[in-house]
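J.: quick one, what's the 3D model for this:
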Amino acid sequence: MGDARSSGSSSPWKAHLALWGVGLIYAYNYLVAKGVMPEKVGPSGFIALRVAGATPLFWLLYAFRWERVARADLGRLWLCGLTGVTVNQLLFFNGLAITSPVHASIIMTINPVLVLLISAGLLGT
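T.: Take a look at the predicted model:
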């Protein structure tokens, strides 16, 4: 793979700026969520609002899809969305409701390391 300069694509600064923006949004997620939970809305209600808001947006994007998803894969895709997003976020926000944003961010940041260690232990690689 070549870098952005040799492939003729846009400036790497755009990628850096986008990554910085994502990091900023991700960081504020902890503070905003903790600011409304659990006094104003509970973790389950917070997830319900997020799912209710995201579902129409994804259906809209689905209308402009570039490639078709095989009908046989739709159930698997739905299950992955449910477990990979909804259940994950439900557990995250329930945890955030009972701890500080700093502790929650440390736990979430260390998750990939834990997955690596567990997979190394289970798979021996």
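
J.: which helix in the protein runs the most residues?
T.: In the chain, taking DSSP state H as the definition, the longest helix is helix 12-36.

J.: next, report how far whatever helix or strand comes next after it is displaced from the centre of its chain.
T.: For helix 12-36, the following helix or strand on the C-terminal side (DSSP states H and E) is helix 43-63. In terms of C-alpha atoms, centre = their mean, to the nearest Å, the gap separating the centre of helix 43-63 from the centre of its chain is 13 Å.

J.: now the longest helix of the chain: buried residues?
T.: N29, Y30, A33, K34 (16 or more other C-beta atoms under 10 Å). Where C-beta positions appear, they are placed from N, C-alpha and C, glycine not excepted.

J.: can you give me the angle that helix makes with helix 43-63?
T.: Per axes from the mean of the first three to the mean of the last three C-alpha atoms, to 10 degrees, the angle that helix 12-36 makes with helix 43-63 is 150 degrees.

J.: and helix 12-36, how far out from the chain middle?
T.: Distance, centroid of helix 12-36 to centroid of chain: 12 Å (C-alpha atoms, centre = their mean).
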